[in-house]
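Chemist: Got a predicted structure plus its sequence, pasted below:
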Amino acid sequence: MAFNKLRRELRYGVYLEHVFLHSVTLRVTLATVIRSFKHKGIEKFYTAGSKAGIQPQHADRLRLILGRLNVSAATEDMNLPGLGLHRLKGDRRGAWAVKVSGNWRVTFEFVGKDTDHVDYEDYH
């Protein structure tokens, strides 16, 4: 089909029956992973999508946080606007937390480039 004819048909809203799309699949192997969970509910949500062990209203936010944790290679990668990344103190030294909602937080530690001890808790 000539370019001008194609342009004219698109301009007048004529449905084009033969459109060819080329798709490319790119496989990426991620070097970072979530290695372990402390909270069984959040682990089940992460692996199977089950909301049984979490607050259902937190599901969208937890999905964002866990997805980001899974691809983060360093603590700074979790410093997104609105997450409120902060280091924990005292006996929790070495752990980090991000805000889910209200007093609910996801806490975690980085071991090398991996995330470890991911927990979902109301710690205030």
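Modeler: That came through fine.

Chemist: residue boundaries of the strands in the protein?
Modeler: Under the criterion DSSP state E, the chain contains strands at 86-87, 96-101, 104-111, 114-122.

Chemist: Any chance of the ones you listed in CSV with mean pLDDT and distance to L69 as columns?
Modeler: C-beta coordinates here come from the backbone N, C-alpha and C atoms, glycine included. Output for these, formatted as CSV (pLDDT from 0 to 100; distance: least, Cβ to Cβ, whole Å):
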stretch, mean pLDDT, distance to L69
strand 86-87, 96, 15
strand 96-101, 96, 9
strand 104-111, 95, 6
strand 114-122, 94, 5
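
Chemist: closest to D60 out of those?
Modeler: strand 96-101 (10.2 Å; Cβ to Cβ).

Chemist: The closest one pairs with which strands?
Modeler: strand 86-87 (antiparallel), strand 104-111 (antiparallel) (DSSP bridges).

Chemist: winner for burial among those?
Modeler: Stretch with highest mean neighbour count among the strands paired with strand 96-101: strand 104-111 (a mean of 20; mean count of other Cβ atoms under 10 Å).

Chemist: returning to that earlier point: of all the strands paired with strand 96-101, which lies closest to K38?
Modeler: Checking those against K38 by Cβ to Cβ gives strand 104-111 as the closest, at 8.1 Å.

Chemist: chain center to the closest one: distance?
Modeler: 14 Å (Cα atoms, centre = their mean, to the nearest Å).

Chemist: spatially speaking, which residue is in the middle of this protein?
Modeler: What sits nearest the mean C-alpha location of the chain, by Cα atoms, centre = their mean, is G67, with 1.9 Å.

Chemist: about what we covered before: compare the strands paired with strand 96-101 and report which one is nearest to A52.
Modeler: strand 104-111 (16.4 Å).

Chemist: mind checking how far the nearest residue to V98 once chain neighbours are set aside is from T47?
Modeler: Nearest non-adjacent residue to V98, counting by Cβ to Cβ, 6 or more residues apart in numbering: L83, 4.2 Å away. As judged by Cβ to Cβ, to the nearest Å, L83 and T47 stand 22 Å apart.

Chemist: higher neighbour count, those two?
Modeler: Neighbours were counted for L83 and for T47 using other Cβ atoms under 10 Å; L83 has more, 18 against 10.
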